[in-house]
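Peer 1: With the sequence up front, the predicted model follows.
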Amino acid sequence: MNQSFGEPVDVAVIGFGPVGASLAALLGRRGRRVAVFDKSDQIYPLPRAFALDHEALRTFQEIGIAGALAPHMTPYRPTIYQGADGKPIQHFDMGPSPYPLAWAPSYTFNQPALEASLRRAVGEMPSVSVHLGHEVTSVQEEGGYAMLSARAPDGTPAQLRARYVVACDGGTSPMRKQLGLGLKSLEFDEPWIVVDMHVNEDMLDRLPATNIQYCDPARPCTYVVGPGTHRRWEFLLLPHEAGQREMPHDAIWTLLSPWLAPHEARIWRAATYRFHAVVLEQWRQGRVLLAGDAAHQMPPFLAQGMCQGLRDAVNLAWKLDWVLQGDAPDTLLDSYGTERGPQVEETTRTVKRLGQIICERDAERAAQRDRGLREQQGGQVRMQLRQSLLPGVRHGLIDGEHGAAGTPFPQAVGRLGPQGAAQMMDDLLPRGFLLFLRDAPSHEQFDRLAAHLRALHAKAVCLCDADDVEGLVGLAETDGVIARWFETQDCDAALVRPDHIVYGVAADLDGAQALLEHARIALAIASTATHALMLD
């Protein structure tokens, strides 16, 4: 006999890994009724993803777990690419503080600790239910809902209705296969072994203090510094090793022998992978959307795999909320794939390019690579910002005439009012569309903006005292990151989406009013299209 989960929910999330849990938390904080399913009944106890960027930390800040993560992460070290001769050919770092999003641009972290923090946060949300050990077997559209069929831990079938379903069910995604959705190959396929180690404390200072990409054609290798005693090595498998599902420990210690002996560390996890580069061709089918590894997979050379999945969750959360609230038509959800597909593909192509530098096996071509990279930098290897390699949103719901459109808006540290405590900006400001103004408008100017702000459920924020203008929020920043951003972008106003992405910028208040109108029209166009389809 089928078990029913009762009343329909707003969103069903399949998969309770970092992406699914983050999406459930973001929706739960908005009061949405969410049901989460995962076929496993526990957290995978070993490390997999290894790095977070500042956009990910901004997401965890919104969820409320950033403080709990602090003991389990450490700022990302500089990365040196060593050529075939053992000398540097590239250098990536994150620049000096104050950082543009308040968080350091990159961190390494402990994934089991992250997942435990996410699950605790989700467990405290009354509108979110979690069903562990439940495997979703199918999803069918029925009567304006998605009907999920699941199998409980005891084998009992169960069903649930949801307005929307988001499949975050991993790289092998049963839901993607059920829907028949294809992955576009970006033609990267290399076998590697990833080895996570706990190193004896008296050995840590003898290991490299920076992250190193050993671009050695004899055996390309990656070394990354993790939090505490955690260090990770990744080795390209040679042709005679590529078919191995597991590598014997004595062979692993042979690989590690330039750095460590068996009595100086212990193997925490060793796993062989084929590093793929694939992106979903269609991100939505009806009431089902895909996110995380179910939608894209990339090699780890820029440490963006999980970070891109978290961008999926942030992009989807506000759009699902707006649609469920009735503030936007269902077609707003089509912009999810329109935005994320090209952004993920561009990121993956950048990662592929780095991977081709690292994975070169021909000694002569490796020597040419090294000469070419050094010549491009004028003969002296120069530091490049890691975060500069990441593209913004270039399609979809943005006003793309300015280079800032589609990029993350800065997060200042500041205070509301002269007596307020200094905090990260996102903790002080309301969620939703925000119009940032460099200077405070007059009463008359603000009155002209007010109707446009209301139409978009937006608030206006200025970088000055706003007590004299009712409805205007005054943010006094203490680090100047937004003031510098305005100066760099040569603008006086910026409209920022609920996911902290810049919709567009304007040179003055008239331009700001036009931005608000453009954004409203962008949503209204979708509404008109939906109405036309209904008439047809």
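Peer 2: All right, it came through fine.

Peer 1: And Val323, how far from Leu523?
Peer 2: Distance, Val323 to Leu523, by CB to CB, to the nearest Å: 11 Å. C-beta here means a position set from N, CA and C on the backbone, and glycine is covered the same way.

Peer 1: let me fix that: Cys359
Peer 2: 44 Å.

Peer 1: who touches both of Val323 and Leu523?
Peer 2: Residues touching both Val323 and Leu523 (CB atoms under 8 Å, 6 or more residues apart in numbering): Pro329, Leu332.

Peer 1: Below-threshold pLDDT in the chain: ranges please.
Peer 2: 1-4, 524-536 (pLDDT under 70).

Peer 1: three-state assignment of Tyr273?
Peer 2: Assigned by DSSP: H, G, I helix; E, B strand; the rest coil, the conformation of Tyr273 is strand.

Peer 1: same deal with the one 5 residues further on?
Peer 2: Three-state assignment for Val278 (three-state DSSP): strand.

Peer 1: same deal with Ser185?
Peer 2: Following three-state DSSP, the label given to Ser185 is strand.

Peer 1: so who does it touch?
Peer 2: His276, Ala277, Val278.

Peer 1: Quick check, the first one in contact with Phe188.
Peer 2: Same thing as His276. Yes - shown here, His276 and Phe188 form a contact pair, counting by CB atoms under 8 Å, at 6.7 Å.

Peer 1: who has more neighbours, these two?
Peer 2: Counted by other CB atoms under 10 Å, His276 and Phe188 do not tie: Phe188 has more neighbours, with 22 against 18.

Peer 1: Name all residues that make contact with that one.
Peer 2: Counted by CB under 8 Å, 6+ apart, Phe188 has contacts Phe275, His276, Ala277, Pro299, Lys352, Gly355, Gln356.

Peer 1: give me that answer again for 10 Å
Peer 2: 274-278, 297-299, 301, 348-349, 351-353, 355-356, 359 (CB atoms under 10 Å, 6 or more residues apart in numbering).

Peer 1: Parallel or antiparallel, which strands does the helix or strand that contains it pair with?
Peer 2: Using DSSP states H and E, Phe188 maps to strand 183-199. Applying DSSP bridges, strand 183-199 is found paired with strand 230-236 (antiparallel), strand 265-280 (antiparallel).

Peer 1: wait, Trp318 sits on Arg497?
Peer 2: Yes - counting by CB atoms under 10 Å, Trp318 does reach Arg497; the two are 7.2 Å apart.

Peer 1: So for those two, which residues contact both of them?
Peer 2: Shared contacts of Trp318 and Arg497, counting by CB under 10 Å, 6+ apart, come down to Gly432, Phe433.

Peer 1: burial of Leu509, as a residue count?
Peer 2: Residues near Leu509, counting by other CB under 10 Å: 19.

Peer 1: Could you do Ala366 as well?
Peer 2: With other CB under 10 Å as criterion, Ala366 counts 21.

Peer 1: Against Gly144, how distant is it?
Peer 2: 58 Å.

Peer 1: One more: Thr108?
Peer 2: From Thr108 to Gly144 the distance is 45 Å (CB to CB).

Peer 1: the more surrounded of these two?
Peer 2: Neighbour count, other CB under 10 Å: between Thr108 and Gly144, Thr108 has more, with 24 against 9.

Peer 1: out of everything not next to it in sequence, what's closest to the more buried one?
Peer 2: Leaving out its chain neighbours, the residue that sits closest to Thr108 by CB to CB, 6 or more residues apart in numbering is Gly226, at 4.6 Å.

Peer 1: can you map out the helices along the stretch 201-350 of the chain?
Peer 2: Residue ranges of the helices in the stretch 201-350 of the chain, as given by DSSP state H, counting those that start in this stretch, are 249-256, 305-325, 334-358.

Peer 1: Would you mind finding the most buried of these?
Peer 2: helix 305-325 (a mean of 23; mean count of other CB atoms under 10 Å).

Peer 1: Who are the packing partners of it?
Peer 2: If you count contacts as 3 or more CB pairs under 10 Å, 6 or more residues apart in numbering; DSSP states H and E, helix 305-325 packs onto strand 9-14, helix 18-29, strand 51-53, helix 54-63, strand 157-167, strand 288-290, strand 296-297, helix 334-358.

Peer 1: okay, the strands paired with strand 183-199, which one's buried deepest?
Peer 2: Sorting the strands paired with strand 183-199 by mean neighbours (by mean count of other CB under 10 Å), the first place falls to strand 230-236, with a mean of 22.

Peer 1: chain center to it, what's the gap?
Peer 2: For strand 230-236, the separation from the chain centroid amounts to 23 Å (computed by CA atoms, centre = their mean, to the nearest Å).

Peer 1: what's the answer for stretch 28-38, then?
Peer 2: With CA atoms, centre = their mean, you get 19 Å for stretch 28-38.

Peer 1: Endpoint to endpoint, that stretch covers what distance?
Peer 2: End-to-end distance of stretch 28-38 (CA to CA, to the nearest Å): 17 Å.

Peer 1: now stretch 77-97
Peer 2: End residues of stretch 77-97 are separated by 14 Å (CA to CA).

Peer 1: What residues of that stretch count as buried?
Peer 2: For stretch 77-97, the neighbour count (16 or more other CB atoms under 10 Å) marks 77, 79-84, 88-90, 92-94 as buried.

Peer 1: With stretch 463-480 instead?
Peer 2: Neighbour-count burial for stretch 463-480 [16+ other CB under 10 Å]: Leu463, Ala466, Val469, Leu472, Val473, Gly474, Leu475, Ala476, Glu477, Asp479.

Peer 1: I'd like to know which of those is nearest to Ala412.
Peer 2: Among the buried residues of stretch 463-480, Glu477 lies closest to Ala412 (CB to CB), at 3.8 Å.

Peer 1: quick one: Ser117 is in a helix?
Peer 2: Yes - per three-state DSSP, Ser117 lies within a helix segment.

Peer 1: Identify the residues contacting it.
Peer 2: Per CB under 10 Å, 6+ apart, neighbours of Ser117: Ala21, Phe60, Ile63, Gly64, Ile65, Ala66, Gly67, Ala68, Leu69, His72.

Peer 1: can you give me phi and psi for the fifth one?
Peer 2: Reported as degrees, to the nearest 10, the phi and psi values for Ile65 are phi -120, psi 0.

Peer 1: got it, and the one 5 residues further on?
Peer 2: With angles defined as degrees, to the nearest 10, Ala70 shows backbone torsions of phi -50, psi -40.

Peer 1: Neighbours of it, how many?
Peer 2: 11.

Peer 1: residue contacts, it?
Peer 2: So, once contact is read as CB under 10 Å, 6+ apart, Ala70 ends up touching Tyr107, Pro227.
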